[in-house]
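A.B. asks: For reference, the sequence and a predicted model appear below.
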Amino acid sequence: MYKALTIAGSDTSGGAGIQADLKTFQERGVYGMTALTTIVTMDPYNGWAHLVFPISTDVLAPQLDTVLHGVGVDAMKTGMLGSVEIIELVAQTIDREKVGNVVIDPVMVCKGNDEVLHPETAVSLRDVLVPRATIVTPNLFEAAQLSGREPLRTVDDMKEAAAVIKKLGAGYVLIKGGGKLQHEKAVDVLYDGETFELLESDRIETTNTHGAGCTYSAAITAELAKGRSVREAVLTAKAFITEAIRYSFPLNQYVGPTRHSAYREHVLNQE
């Protein structure tokens, strides 16, 4: 059985974070394990405002030991990490346990917010974790933060940012433009240091995209755990998240998650 670890926050509403990661691992045939960094709740009495409750490194460290030293993994990913101390602990653990397939999803905000939760964590993500990444998977906002650029609006902007981020030490860079880019398609850019590859899919007009970034990076992690190349993993994950968004749904009046079973139900079952 292939095994994968997610080091991320808990989304109490179930659409993002470790919940999205575990659902994705299961759908992709990988055994998932977790190390919890934060708990995120949503206030139904105050417009679904997000509250973030960090987990201390004293509680995170034994979780990491349980999985990485006690069991072992074929791949791992990070999500919301929350503090410089947590980022440094994760980096130290990656080095000590010699983790081979490392997907860094540089989560900087909760969905619905447009400011970095803690600016110092963005710097630490850039300087400490990105150099340890097999692949780093920022969205447009995160890619702008990591590359020190103005907001990314075009494919050329994405390519320029990817080149800067690659120089930080990541093996591959995947900038997720999706439907937010000024482009006729939902487009992402994959860069290996030599070639920019545009990954295009149909634009799907929906606001039900909660957890899309987590799901995308988790699908990449699962495929790497199974021994796929980075490019193969990304292409499979792109198809997986496209269907998950296509069949996304409203959870309540505030949020709508992707449907993690959609690829299996509407693609694999039709083959």
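C.D. replies: It's in.
A.B. asks: How many neighbouring residues does residue 132 have?
C.D. replies: Each residue near residue 132 was counted by other CB atoms under 10 Å, and the total is 18. In this view, the C-beta of every residue, glycine as well, is placed from N, C-alpha and C.
A.B. asks: any weak-confidence spans in the stretch 101-250 of the chain?
C.D. replies: Counting by pLDDT under 70, the low-confidence segments of the stretch 101-250 of the chain come to 109-117.
A.B. asks: could you redo the last one with a cut-off of 50?
C.D. replies: For the stretch 101-250 of the chain, residues meeting the criterion pLDDT under 50 lie at 112-113.
A.B. asks: Leaving out sequence neighbours, find the closest residue to residue 102.
C.D. replies: The shortest distance from residue 102 to any residue other than its chain neighbours is 4.9 Å, reached at residue 134 (CB to CB, 6 or more residues apart in numbering).
A.B. asks: Surely the one you found touches residue 230?
C.D. replies: Yes: if you go by CB atoms under 8 Å, residue 134 and residue 230 touch, sitting 6.6 Å apart.
A.B. asks: all strands for the stretch 51-200 of the chain, in order.
C.D. replies: Defined through DSSP state E, counting those that start in this stretch, the strands belonging to the stretch 51-200 of the chain, from first to last, are 75-78, 102-104, 135-136, 172-178, 186-191, 196-201.
A.B. asks: Need the residues that contact the first one.
C.D. replies: The reference is to strand 75-78. 4-8, 21, 68, 90, 94, 99-107, 129, 217-218, 220-222, 224-225 (CB atoms under 8 Å, 6 or more residues apart in numbering).
A.B. asks: again, but for the second one
C.D. replies: Residues outside strand 102-104 that contact it (CB under 8 Å, 6+ apart): 75-78, 94, 125, 129-130, 132-137, 170, 217, 220-221, 224.
A.B. asks: The same query, at a cut-off of 6 Å, please.
C.D. replies: Contacts to strand 102-104, defined as CB atoms under 6 Å, 6 or more residues apart in numbering, come from residues 76, 77, 78, 129, 132, 133, 134, 135, 136, 217, 220, 221.
A.B. asks: Lovely, talk soon.
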